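Undergrad: Below are the sequence and a predicted model for it; my questions follow.
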Amino acid sequence: MYKCALVLAAGQGKRIKSDLPKVLHKVCGKEMLKHVIDSIRNSGIDDIDVIVGKGAEIVKERTLDKNVVYSLQAEQLGTGHAVKCANEFLRDKKGVVAIFAGDTPLIKQSTIEKLFNDHIENKNAATILTSLVEDPTGYGRIVRDDNNQVLKIVEHKDCNEEELKINEMNTAIYCFNIELLVNALEKINNNNQQGEYYLTDVIEILKSQGNQVGAVVTEYEETIGVNSRVQLAEAEEILKDRINLKHMENGVTLIDPKTTYIGVDVVIGKDTIIYPNNIIEGNTEIGDNCLIYQNCRISDSTIGNGVEIQSSVVLDSNVGDNTTVGPFAYIRPESTIGRNARIGDFVEIKKSTIGDGTKVSHLTYIGDAEVGSECNFGCGTVVVNYDGKNKHKTIIGDHSFIGCNTNLVSPVKIHDNTYIAAGSTITSEVNEGDLAVARAKQRNIKGWVEKKGLKK
Ligand code: UD1
Ligand code: CA
């Protein structure tokens, strides 16, 4: 059976009160719409059409993905109207289309698979994913007949007193027979409280035509529809718990899961221990046996095995095995730190490579540099990479000893096995085996203090 999916993402989301389209708000570091697209893709459906409208360009730009196409709903006249805007995509297709709202980021792949299977096995015209909730305020209600068969969906604002008491809510995720759906959509109107063309009205139409409509009930936790910032925080908490649980089950110790924020796509090896107050996000991969002490932000980075990081920021960089970072280090994008290296306190590395076994222990800035292995940086070294107009490169060979308080004025090259005297300002090449001294010689003026009458 042919399967495809639509994702409705054209609304601005008034209730979230934002300049950014609602579906681009992030949950655990990823746009809600991207969560939905990824879950659909992971459940084996490749043909996906996203209905965009409000902020169409930015929505497309931030969710661009292979196999995803976009349809435009220029005016947001309701979810039923939104599906009609996918006419081009659905035309001449036979099989099943699943419809999702872009604001239900927690839906699981296994539930999508179950919905499809149920729909196909029971030969339904439509199958609704529903959920039982204590407080269904704001959601459409599933109205069933005496035989427990689904009759229709009534939106919260259109409910009578009896219907308001129903606890089974519409999750806004469904499977439809494509041809029956397209046909039924021709019959919906906007005679309701909100003056919108509701997709939910299609259910009653299909039933009245004698078609079979089914429902799959699932846990509320994965079907939450995010309309407000409060629900956004609720979704964040649910997904955060789910992610943390997965890592703990995989052999990662989280000392305090409550204050550990790990993005959905992060991979962490076993026996790594994560201390409180850490944010690990984006496409980050952390190896085995690492110690991530408190207060780190690690983003889009690859961290090897046995690495220790403490109170530091690592962005879009690689850190090799058994290296230690921090406390209070800042590793900026496009940096590669080797193995067994040390990036110590108040050290900033920017767009640089640091070789294996190199120690940059304290108060140092290294920018646009290539540093070899087994080097030692004294306290307070500065790579002077910017001349006010352009950035320049510094190259340092292996086994170089850079004395404390050295300035390396770029572009400059320091060869292997060199020493630089503390306090030097280096402006020209230092050849292999040499010691460079670039500072004024000390002179002592005898008795100067007394002569000036300053002696106490
Ligand atoms: C919808 C359902 C409701 C269900 C709830 C679950 C309808 C009429 N109601 O209500 O039964 O309980 O979801 O979360 O479908 N959208 C468009 N174009 C439009 C209108 C909406 O693309 O013209 C998109 C929105 O961007 C959003 C999704 O459809 O991603 C759902 O719209 P929203 O306004 O949030 O619907 P709800 O009122 O939550
Ligand atoms: Ca919604």
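TA: Happy to help now that I have it. Residues are numbered from 1 along each chain as shown. Ligands and ions are numbered 1, 2, ... in the order given.

Undergrad: isn't K187 right next to I203, touching?
TA: No - here K187 does not reach I203: they are 11.9 Å apart, not a contact under Cβ atoms under 8 Å. Every residue, glycine included, has its C-beta placed from N, CA and C.

Undergrad: Please say which of those two ends up with more neighbours.
TA: I203 (28 against 14; other Cβ atoms under 10 Å).

Undergrad: Show me what the helix or strand where that one lies packs onto, helices and strands only.
TA: Taking DSSP states H and E as the criterion, I203 maps to helix 201-208. Contact partners of helix 201-208 among helices and strands, from 3 or more Cβ pairs under 8 Å, 6 or more residues apart in numbering; DSSP states H and E: strand 126-132, strand 150-154, helix 178-185, strand 213-218.

Undergrad: Can you tell me which of these is most buried?
TA: Greatest average neighbour count among the helices and strands packed on helix 201-208 goes to strand 126-132 (a mean of 24), per mean count of other Cβ atoms under 10 Å.

Undergrad: Is it positioned near ligand 1?
TA: No - remark: strand 126-132 sits outside contact range of ligand 1, by Cβ under 6 Å from any ligand atom, the gap being at least 9.1 Å.

Undergrad: just use 26 as the starting number from now, easier for me
TA: Okay, residue one is now 26; in that scheme the one you just asked about reads as strand 151-157.

Undergrad: Alpha carbons of that strand, in PDB - could you do that?
TA: Written as PDB, here are the backbone C-alpha positions of strand 151-157 (Å, rounded to 0.1, in the frame of the first residue of the first chain):
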ATOM      1  CA  ALA A 151     -10.100   7.200   8.300                       C
ATOM      2  CA  THR A 152      -8.300   6.300  11.500                       C
ATOM      3  CA  ILE A 153      -7.900   9.000  14.200                       C
ATOM      4  CA  LEU A 154      -5.100   8.900  16.800                       C
ATOM      5  CA  THR A 155      -6.800   9.900  20.000                       C
ATOM      6  CA  SER A 156      -5.900  10.200  23.600                       C
ATOM      7  CA  LEU A 157      -7.600  10.200  27.000                       C
END
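
Undergrad: elements contacting that strand?
TA: Looks like strand 151-157 contacts helix 134-146, strand 193-202, helix 226-233, strand 238-243 (3+ Cβ pairs under 8 Å, 6+ apart).

Undergrad: buried ones in the longest one?
TA: Of the residues in helix 134-146, 136-137, 139-141, 143-145 count as buried by neighbour count, 16 or more other Cβ atoms under 10 Å.

Undergrad: bridging residues for the closest residue to F402 other than its chain neighbours?
TA: Distances taken as Cβ to Cβ, 6 or more residues apart in numbering put V385 closest to F402, at 4.4 Å, once the chain neighbours are dropped. Beta-bridge pairing for V385 (DSSP bridges): I368, F402.

Undergrad: now do the one 5 residues further on
TA: Beta bridges link Y390 to E373, V407 when assigned by DSSP bridges.

Undergrad: any idea how far it lies from ligand 2?
TA: The gap separating Y390 from ligand 2 is 48 Å, by Cβ to the ion, to the nearest Å.
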